[in-house]
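# Requesting a structural model of the entry that follows:
(2 chains)
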Amino acid sequence: MSLAELESLAYKLCNLSQLRQLHARLLINLSLHRHTQCQWVSLLISQCTRLRAPPSYTRIIFHSTPRPNIHVFTSMFKYYSNSNFNLGGVDQVASLYRQMQQRSDLTIGTFVYPVLIKSAASAGIQFHAHVLKLGLASDHYVRNAIMAFYAKYGPVEHARYLFAEMHDSTLADWNNMIFGYWKWGNKDDACKLFDMMPERNVVTWTSMVTGYARTKDLKNARRYFDQIPQKNVVSWNAMLSAYAQNGCPEDALRLFDDMMNSGDQPNETTWAIVISSCSSCGDCSLADSLVQKLNQKQIHLSYFSKTALLDMYAKRGSLQTARQIFDELGAYRNTITWNAMISAYTRVGDLASARELFDRMPQKDVVSWNSMVSGYAQNGQSALALDLFKDMINAADGLKPDEVTMVSVISACGHLGALDIGNWVISIVRKHHIRLSVSGYNSLIFLYSKCGSMEDAKMTFQEMKTRDVVSYNTLIAGFAAHGHGMEAVKLLLKMKGEFIEPDRVTYIGILSACSHAGLLEEGWKVFESIKAPDVDHYACVVDLLGRAGKLDEAKEIIDSMLKEPHAGVYGSLLNASRIHKRIDLGEFAASKLFELEPHNSGNYILLSNIYSSAGRWDDVVRVRESMRRIGVKKATGWSWVEYKGKMHKFIVGDRSHEQSEDIYRLLAELGRKMRNAGYMADKTCVLRDVEEEEKEEMVGTHSEKLAVCFALLVTDAEAVIRVVKNLRVCWDCHTAIKMISKLEGRKIILRDNNRFHCFSDGVCSCGDYW
DNA sequence: CTAGGGTTAG
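Below is the predicted model of the structure:
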């Protein structure tokens, strides 16, 4: 076979296995002259670039010639500079470059340098200096490549100098500069250059479209797009992705229809954008019709768009189909494919499958780690998220966490109430100079609010230059948990002043802030101002009225609801009935709740507490028996205290903590003191015929007491301790801790799921609704 | 040997 024959054959290849067959034929031909062999190999490598073969396979081809010549090296550099295999690319290009330098028999002609410079971006090799030293900078192509390099990878100022020195700048150079200015956020210079240009082509216009899309200015992006005289696939794709990446997938799909009518044929890139737009629309029928269209047209998607397809199926919950695509991709899988599959699993909460893939994947990038860390964080596994984060920064591959990592980790700390660990995480943010965006700041507000540092939360909020509705909602929820009702209401006014539209979450925050702070009037006014209140808002307003003692009004609200009330609504009524000892309404709410969620132990406990506070012990026993009959188990409660960066966990009856002996001694001593002070420890003692463990089940576990005792032991220098719990603070513990605060003269801050209880001198100052 | 568009994570 001649080179010409091979060439025509190579360009007809359309997938990897055909390439493989061709390569096999080449390998059989051992009698080839080295020069010819190199020609063949470099041809195959350029086909790898075209077909986007995985790096592992391309390297096999590269190594199949014992002494590659300069053309083989050049095609290899081109492969790296055109591929998206960023991972490992840095080292690969650098080692390829070193290999090439060590070969004294190679003459590196100037034609190699533009390619080298392009691929050097990821390798971080200082080519400019090198090229100057070699005296190659006067070469037209070399100089232009360097300029394009600086435009693309910065500093863009260097590109500007080179551009200014040029006397023979071509349209391509102008386009490179425009691209560079946009890329580095220099909108004004980009526009100035655009207006000054002697001539423009479709590339120039397309750069303007993507430039405006980067600044989220879709209006101008579209304005320039509409002015493009002769659109091509790339310009359509640019506008499509402008819509897709700025949260307007519907517009992208509309534009795609226009494109189909225009006669321009979509390509791989188009399919990738369109498929991902379909998946972010969440419109299954749309996705189905797209798949149908692809099948009709007999379009064979590349691995690149198949990843988008995989993600589309995953997002609509068809995990099996997604996995099938993943399995079929086989050798074509890259890091992004793995990442997409991992997040498909974490999205449905299948952390085990996600972790299995994560451990198995050949190469991880920062997105892989982020997917797994956030997977744990979003499925309530904050501690595991933190552990994995520690693995990440200790890992040998030297991956730096980025803002996405930090958002997940900071909010995991928030969920744990772990301020010490949170501060350590913040120190890592500073160490790596990670710039925080709005969501980064939002996670900080969340962390501080959850840990009771409202001053820091407020300060973080004030530091922000731009805030979104989540920033407000997070801070409002923080104030709500602390019983700072007025501050929350003030924030509602402030956000309206900043033209940020409150959403349903905002109103939930405001209403619960009002009810925790007893701001009946303000809360009611807010409720009436909600245009379309949903069931959650009703639950809040029932809570608001209920806590204020207006139970009959609360019941009327429930009766007037257009939609069917959910458990939260009746839960609020039940809780209010317990506070105000309204057995009739409590029984009513409980009966509804037993229908809606028969296995939620909390409802039984609340009802039995209502009976016990009225001394109706027969009814307490009756509720307990019905619990046993239905098989409802009270969830094992645990409390934890963060101390010196470590979480100390306590469960009733579990003495595995190393300071258990001291803790139980202190507990006994406090019990004695409390009895001497005339406080009847707890009412479970009335249930004489009940086993100890069952008493715990009935009235709530007392792990908080253990946690508080531990905290009292270790934090003697501090006035404030934090106890975090994943269950509601029960009445008994609340009373006990009030006593502790008085007897010990300590201020104690106790946090349960969503609010803070601040105890000092025998009273609970915020949210004291017991 | 020239420039513009793409899939995954919060």
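
# isn't there a strand covering A:Lys649?
Yes - according to DSSP: H, G, I helix; E, B strand; the rest coil, A:Lys649 belongs to a strand.

# Regarding the nearest residue to it once chain neighbours are set aside, what are the backbone dihedral angles?
Ranked by Cβ to Cβ, 6 or more residues apart in numbering and with sequence neighbours excluded, the top spatial neighbour of A:Lys649 is A:Trp640, at 4.6 Å. (C-beta placed from N, C-alpha, C; glycine too.) Here is the backbone geometry of A:Trp640 (degrees, to the nearest 10): phi -140, psi 160.

# Give the bridge partners for A:Trp640, please.
Beta-bridge pairing for A:Trp640 (DSSP bridges): A:Lys649, A:Val724.

# wait, it sits on A:Phe710?
No - taking Cβ atoms under 8 Å as the definition, A:Trp640 is not a contact partner of A:Phe710, at 9.5 Å.

# Quickly list what's touching both of those two.
A:His648, A:Phe650 (Cβ atoms under 8 Å, 6 or more residues apart in numbering).

# follow-up on the earlier one: how deep is the residue nearest to A:Lys649 tucked in, by neighbour count?
A:Trp640 has 23 neighbouring residues, counting by other Cβ atoms under 10 Å.

# Just the pLDDT for it.
Listed pLDDT for A:Trp640 reads 74.

# Looking at the stretch 501-650 of chain A, which residue is nearest DNA strand B?
For the stretch 501-650 of chain A and DNA strand B, the shortest gap (Cβ to the nearest atom of the strand) falls at A:Val505, measuring 15.3 Å.

# From A:Arg655, how far out is the residue nearest to A:Lys649?
The gap separating A:Trp640 from A:Arg655 is 16 Å, by Cβ to Cβ, to the nearest Å.

# which other helices and strands contact the strand or helix carrying A:Gln21?
For A:Gln21, the host element (DSSP states H and E) is helix A:16-28. If contacts are counted by 3 or more Cβ pairs under 8 Å, 6 or more residues apart in numbering; DSSP states H and E, helix A:16-28 sits against helix A:3-12, helix A:34-51, helix A:55-63.

# try 7 Å this time
helix A:34-51 (3 or more Cβ pairs under 7 Å, 6 or more residues apart in numbering; DSSP states H and E).

# is it true that the residue of the stretch 501-650 of chain A closest to DNA strand B touches A:Asn473?
Yes - here A:Val505 reaches A:Asn473: they are 4.8 Å apart, a contact under Cβ atoms under 7 Å.

# Compare these two and say which one has the larger neighbour count.
Counting neighbours by other Cβ under 10 Å for A:Val505 and for A:Asn473 shows that A:Asn473 has the greater number, 24 against 16.

# mind listing what the more buried one touches?
When contacts are counted by Cβ atoms under 7 Å, 6 or more residues apart in numbering, A:Asn473 touches A:Val505, A:Thr506, A:Gly509.

# One more: A:Glu595?
A:Glu595 neighbours (Cβ under 7 Å, 6+ apart): none.

# give me the element it is part of.
Using DSSP H and E, A:Glu595 sits within helix A:583-596.

# number of nearby residues for the residue in the stretch 451-600 of chain A positioned nearest to DNA strand B?
Using Cβ to the nearest atom of the strand, the single residue of the stretch 451-600 of chain A nearest to DNA strand B is A:Val470, 10.5 Å away. By other Cβ under 10 Å, 19 other residues sit near A:Val470.
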